[in-house]
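A.B. asks: Quick check, what structure comes out for this input:
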Amino acid sequence: MARRLATMVLCAWLTLHHTETVSGEEGFAPLFDGKTLAGWVNVNCAPDTWTAREGVIYCTGKPIGELRTTRMYQNFICELEWRHLQPKGNAGVFVWADALPAVGQPFHRAIEVQVEDGPNGPEFTSHGDIFPIHGATMKPSNGRAGSRAVPTEHRSKPSPEWNHYRITCTDGAIQLAVNGKVVTRGSECSPRKGYICLESEGSPVEFRNLRLQELPNSPITAEQTASADQGFITLYNGSDLSGWQVHKGLVGHWQPSDWTLKYDGQAEGDPKDLWTQDSFRDFELIVDWRWNGAYEKTTKQPVVLPNGDYEKNPDGSTHEIDVPKADSGIFLRSDAAQVNIWQWPIGSGELWDFRTNTALPPENRAAATPKINADHPVGQWNRFQITMRGEKVSVVLNGKTVISECPVPGVPPEGPIGLQHHGDPLEFANIFVRRLDK
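C.D. replies: Below is the predicted model:
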């Protein structure tokens, strides 16, 4: 009995000693000060999604989105504790993430470390999986299928107990220790330098004791580095229409739906378009969009030539073809500068008022005409990157430049940004802007 008691005392002392050694491990710095979200950026969530309270980062889980660090990291060890406040909760920690979400997604390109409670399947677990998402790549060391690495044993504790993660990232290799033991590994990751993110995914979760030790870095290529923060801020918070001009006729038609903003094409009153409350001078705008209807109806529309004129038939009439009936656009400072979203053969991105204005010089009309049809098929997400400086507009659609410094004479030097009503349903997401005149 005395020997057993002595053994228990020794084990307790060793446990305490180990805890003190880990908590006092040299080289670590806090990622969370326990009181504020200093050092973190709310990327695409509502103002109350992420809060600091009583020594934890609390997340409501709604809307789906991310909180990310202000700094990028390459080689490091990150430790944290997490717990779900409801059974079967879902969240995650992203490493080596881009600054902004991927096209048509609420999440970034990154390597995700799963933070989940409960569900398991033939190709996944909730015990600490690691997997690449939205364009990232990774080779799993203990995967069951594809690029997903699954843990070698179950060490996570159920809600509402706390779990400890130690995530080690070095030269494109990643390993996860769950509650004191390494159980999941991956290698050959890309990117291998980027931001650390906490994920909101539908259920309340808490994080605490976040800390990080930076390790020596090795040379990497530009392709292995995530895209950096350029100062974009979100115009849509995934929860409501804060920051937009809303009247009764828009309610229920311009409908917040988690990370997407859905429009049914049936707004009432005037205006039917949705405009920002803020005004902008020079800016860069990112907008994801997709047609969300069946679009079985078609309409005849003219074929536009590279110079902005309509193609003619042999008899001199305008050459028209059948296209899906889908039309909308983005307004820049006023409805005079409209970047078209449609299914015409010419493709989206056209500046309608300037291509169709025959009083303008031919070179201006040609500049307002898309150089290439870069649209994805109906039902798939597209991304606009629109730059407006003074009286010139450039449009990149799905990574391809379709409009390059098109003159837009007469457009106000300052004004709001608008999402156009044209009677057709569609969805928007990832609406970000950065001012270029500051």
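A.B. asks: Show me where this protein dips below the pLDDT cut-off.
C.D. replies: By pLDDT under 70, the low-scoring segments of the chain are 1-24, 293-296.
A.B. asks: Map the structural domains onto the sequence of the protein.
C.D. replies: The chain breaks down into these domains under automatic domain parsing: 27-229, 234-435.
A.B. asks: what's the straight distance from one end of the last one to the other?
C.D. replies: The straight-line separation of the ends of domain 234-435 (Cα to Cα, to the nearest Å) is 12 Å.
A.B. asks: How about the first one?
C.D. replies: With Cα to Cα applied, domain 27-229 spans 26 Å between its terminal residues.
A.B. asks: Make CSV from the domains of the chain and add mean neighbour count to it.
C.D. replies: C-beta: built from backbone N, CA, C; applies to glycine. Compiled in CSV, these are given as follows (neighbours: other Cβ atoms under 10 Å):
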stretch, mean neighbour count
domain 27-229, 19
domain 234-435, 18
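A.B. asks: Which residue ranges of the stretch 251-400 of the chain form helices?
C.D. replies: Using DSSP state H, counting those that start in this stretch, the helices of the stretch 251-400 of the chain run over 352-355, 362-367.
A.B. asks: Return the list of helices and strands in contact with the shortest one.
C.D. replies: If you count contacts as 3 or more Cβ pairs under 8 Å, 6 or more residues apart in numbering; DSSP states H and E, helix 352-355 packs onto strand 334-342, helix 362-367.
A.B. asks: Kindly report the same for the longest one.
C.D. replies: For helix 362-367, the elements it packs on are helix 352-355, strand 400-407, judged by 3+ Cβ pairs under 8 Å, 6+ apart.
A.B. asks: Recalculate using a threshold of 6 Å.
C.D. replies: Of the remaining helices and strands, none touches helix 362-367 by 3 or more Cβ pairs under 6 Å, 6 or more residues apart in numbering; DSSP states H and E.
A.B. asks: Tell me which residues are up against it.
C.D. replies: Residues outside helix 362-367 that contact it (Cβ atoms under 6 Å, 6 or more residues apart in numbering): 307-308, 355, 406-407.
A.B. asks: Tell me which residue is most central in this protein.
C.D. replies: The chain has P101 as the residue nearest its centroid, 1.8 Å off, counting by Cα atoms, centre = their mean.
A.B. asks: Torsion angles phi and psi at that residue?
C.D. replies: Backbone torsions of P101, given as degrees, to the nearest 10, read phi -60, psi 160.
A.B. asks: okay, the helices of the stretch 251-400 of the chain in TSV with distance to H134 next?
C.D. replies: Below are those laid out as TSV (distance: least, Cβ to Cβ, whole Å):
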stretch	distance to H134
helix 352-355	33
helix 362-367	33
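A.B. asks: which one of these lies closest to M388?
C.D. replies: helix 352-355 (13.1 Å; Cβ to Cβ).
A.B. asks: Mind listing residues that contact that closest one?
C.D. replies: Under the contact criterion Cβ under 6 Å, 6+ apart, helix 352-355 has outside partners 308, 336, 338, 340, 365, 368-369.
A.B. asks: same question, stretch 220-236
C.D. replies: Stretch 220-236 is contacted by residues 44, 96-99, 190-194, 261, 431-434 when judged by Cβ under 6 Å, 6+ apart.
A.B. asks: Same check on stretch 35-50?
C.D. replies: Applying Cβ under 6 Å, 6+ apart, the contact partners of stretch 35-50 are 52, 59-60, 63, 65-68, 70, 200, 234, 237, 239.
A.B. asks: Start and end of it, how far apart?
C.D. replies: Terminal residues of stretch 35-50 are spaced 12 Å apart (Cα to Cα).
A.B. asks: Tell me the gap between it and the middle of its chain.
C.D. replies: Centroid separation between stretch 35-50 and its chain, computed with Cα atoms, centre = their mean, to the nearest Å, is 15 Å.
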